[in-house]
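Participant: got a predicted structure here, sequence first:
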Amino acid sequence: MSEHTTFWAPAPDLQRAEVPLHFRGKDYLGHLVAPPASVGPRPLVLVIHNYAGLKFFDVDQAEYLARLGYVGLAIDVYGDKIAPEERLWSTDPEKLRTHMRKSFAAMASLDHDHELFRAILAAWLDAGLQQPCVDASQAPVAIGYCFGGVAVLEAVRGGLDLSGVVSFHGRLQTGEDGAPASAGIERPPLKRCENRYNTRTVVRIENGADDPYVLADNRARFFEEMNAAGVDWSFHDYARTPHGFALPPTLGPPGALHASSDRRSTMAMLGLLREVFPGVPQAAVPFNAAGTRIPV
C-alpha cells in the first residue's frame with residue numbers, strides 16, 4: 001500500500017513481487033500484487049498506465065484487484081524512456097516541460113508503431129501468466145487509463161488472448177491524434193499492421209461525455225470498426241464528465257477525478273470481472289484505488 005492510499009486497512013498477507021521483463025534488448029519492471037498464498041492461484045488482470053508511465057496509482061490499482069481476489073500486475077511499457085522521478089506532474093516549469101516531452105515521446109514511440117505496441121503487451125501477458133500465483137488456465141483481463149485505454153484496445157486488435165478489457169477515458173483510435181504540439185516532439189511515422197481481432201474478448205469502454213479526445217467521429221468509426229470485426233463491446237458515456245475522471249487528484253492536473261463516474265465505471269469493471277471469471281469469489285472492497293467509495 002503506497003503512502004497515497006490511506007483508505008485501506010493494512011493487508012500484510014497480500015503477495016507482492018517485482019516482475020522484470022527483458023524485451024528486444026531493453027529492461028522493464030512491473031509490480032505484482034496477489035491475494036494471500038493460501039487462496040491458491042487466481043486469474044490475472046494487467047493494469048496499463050497513462051501517458052506518463054508506471055507510477056504509484058497503477059500499483060495501487062494492482063493492489064485493489066488483489067484485495068478483490070485477482071492477481072493485479074501493473075506493467076511498464078516505457079522502460080528507461082522516463083525515469084521514475086520524472087513520471088509525476090511537476091509545478092516546476094522546467095521539470096514539467098521535461099515531463100511532457102519525454103512522456104509524449106515515449107507514448108508516440110508505441111502508438112505510432114502498432115507491431116511494437118502489440119508485441120510488448122503480448123510479452124507482458126506471457127510474463128504475467130508465468131507467475132506461480134496466477135491461474136494460467138483462464139485468459140486474463142487488461143484494464144488501462146488514458147494511454148492504457150488505447151493499449152487494451154490495441155491488444156484486442158492484435159488478437160491477444162484476453163477474456164475482457166476495460167478502457168477508462170482512453171482514446172478509441174491508436175496513434176491518429178499523436179502527441180500534442182505543446183509537447184514539442186517530432187511525431188514518428190505511423191506504422192500500421194494487420195488487425196487480428198480477438199472476438200472472444202469482452203470490450204468495455206468507460207468514457208467521459210465531455211472528453212475532448214473522444215468526439216462524435218471517433219465514436220462512429222470505433223462502433224463501425226468493432227461491429228465489422230464482430231467484437232462484443234459496450235460503451236458507457238458519463239454525463240458532464242471530463243477526461244481523466246478515474247485518476248486521483250494526487251497525480252496532479254492529469255487527474256480529474258469525477259467521483260460518481262469513477263464509482264459507476266469501477267462497478268462496470270467489477271461486473272465484467274464477475275462475468276468472465278464466474279468461479280472466482282469477488283471480495284467486497286469499500287474503496288477503489290482512487291479512494292472513491294464503492295457500494296459493497
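Facilitator: Structure received.

Participant: how about residue 138, secondary structure?
Facilitator: Three-state assignment for residue 138 (DSSP: H, G, I helix; E, B strand; the rest coil): coil.

Participant: whoops, residue 98 was the one
Facilitator: Here residue 98 is helix, with the state taken from three-state DSSP.

Participant: let me see the mean pLDDT of the helix or strand that contains residue 107.
Facilitator: If you go by DSSP states H and E, residue 107 is part of helix 93-111. Averaged over helix 93-111, pLDDT sits at 91.

Participant: contacting residues around it?
Facilitator: If you take CB atoms under 8 Å, 6 or more residues apart in numbering as the criterion, helix 93-111 is touched by 51-53, 77-78, 81-82, 86-90, 116-117, 120, 147, 150-151, 154, 174-175, 178-180, 182-185, 187-188. Backbone N, C-alpha and C define where each C-beta goes, glycine included.

Participant: repeat that for stretch 78-90.
Facilitator: Under the criterion CB under 8 Å, 6+ apart, residues 26-28, 52-55, 95-96, 98-99, 102-103, 105-106, 109, 251-254 lie in contact with stretch 78-90.

Participant: what about burial for the residues you listed, which qualify?
Facilitator: Among these, those classed as buried by 16 or more other CB atoms under 10 Å are 28, 52-55, 99, 102-103, 105-106, 109, 251, 254.

Participant: show me where pLDDT drops low in the stretch 101-250 of the chain?
Facilitator: Along the stretch 101-250 of the chain, the parts satisfying pLDDT under 70 run over 177-184.

Participant: among the contacts of helix 93-111, which lie within helices?
Facilitator: Counting by DSSP state H, the part of the contacts of helix 93-111 found in helices is 116-117, 120, 147, 150-151, 154.

Participant: if you rank those residues by neighbours, which is first?
Facilitator: Highest neighbour count within the ones in helices among the contacts of helix 93-111: residue 151, with 31 neighbours (other CB atoms under 10 Å).

Participant: in contact with that one, which residues?
Facilitator: Per CB under 8 Å, 6+ apart, neighbours of residue 151: 48, 77, 110, 117, 121, 142, 144, 170.

Participant: do a quick rundown of the strands in the protein.
Facilitator: Secondary structure of the chain by DSSP state E: the strands cover 15-23, 26-34, 44-48, 71-75, 141-145, 164-168, 202-208, 232-238.

Participant: could I get those as JSON lines with distance to residue 60?
Facilitator: As requested, the strands of the chain are exported to JSON lines (distance: least, CB to CB, whole Å):
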{"stretch": "strand 15-23", "distance to residue 60": "12"}
{"stretch": "strand 26-34", "distance to residue 60": "9"}
{"stretch": "strand 44-48", "distance to residue 60": "9"}
{"stretch": "strand 71-75", "distance to residue 60": "9"}
{"stretch": "strand 141-145", "distance to residue 60": "12"}
{"stretch": "strand 164-168", "distance to residue 60": "14"}
{"stretch": "strand 202-208", "distance to residue 60": "18"}
{"stretch": "strand 232-238", "distance to residue 60": "22"}
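
Participant: nearest to residue 219, out of the ones you listed?
Facilitator: Closest of those to residue 219 is strand 232-238, at 7.3 Å (criterion: CB to CB).

Participant: tell me what angle the closest one forms with strand 164-168.
Facilitator: With axes from the mean of the first three to the mean of the last three CA atoms, to 10 degrees as the basis, strand 232-238 and strand 164-168 are set at 20 degrees to each other.

Participant: strand 232-238 vs strand 202-208, what angle?
Facilitator: 20 degrees.
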